[in-house]
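S.K.: Just need the structure, nothing else, for what follows:
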Amino acid sequence: LADLACITQISLTRISDVNTLELAMFMSLEQLESLTISACPSLTVVVLTRISCEGGARCKLKRLNFSKNPMLASLPLQAFAEITSVKELACDGCPNLWSP
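M.R.: Okay, the predicted model is just below:
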């Protein structure tokens, strides 16, 4: 994982077999500034657990892009709000999106 510490941008697109995505795996990448998860036809839920959110307190994540996920129904907005570095959230092209 030390070799991955310098990654600043991740883009995952057109992944057809994922319906739930836990963002905890990205929170340990302290240099990560931009995360794009788009055009995943089966993605319905994005999860950010309390544990992973606390780990995200030291990350530099600025941009989250969940655009063009037609089945996406839920985003953890309250957990995103706890990551103070996040300044931009894009989710256009997600007609089923609902978030408490």
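S.K.: Student question: in the protein, what's the helix or strand with minimum average pLDDT?
M.R.: The weakest-scoring helix or strand in the chain, judged by mean pLDDT, DSSP states H and E, is helix 50-55 (a mean of 54).
S.K.: Check which element follows that one along the chain.
M.R.: Counting by DSSP states H and E, the element after helix 50-55 in chain order, helix or strand, is strand 63-65.
S.K.: Could you give me the buried positions within the helix or strand following that next one?
M.R.: Using DSSP H and E, the next helix or strand after strand 63-65 towards the C-terminus is helix 77-81. For helix 77-81, burial by neighbour count (16 or more other Cβ atoms under 10 Å) applies to 79, 80. Where C-beta positions appear, they are placed from N, C-alpha and C, glycine not excepted.
S.K.: for the protein, what are the low-confidence residue spans?
M.R.: Scanning the chain for pLDDT under 70 picks out 1-3, 50-58, 99-100.
S.K.: give me that answer again for 90
M.R.: 1-7, 23-31, 48-60, 76-85, 98-100 (pLDDT under 90).
S.K.: so is residue 25 in a helix, a strand, or just coil?
M.R.: helix (DSSP: H, G, I helix; E, B strand; the rest coil).
S.K.: tell me, how many neighbours does it end up with?
M.R.: Close neighbours of residue 25, defined as other Cβ atoms under 10 Å, add up to 9.
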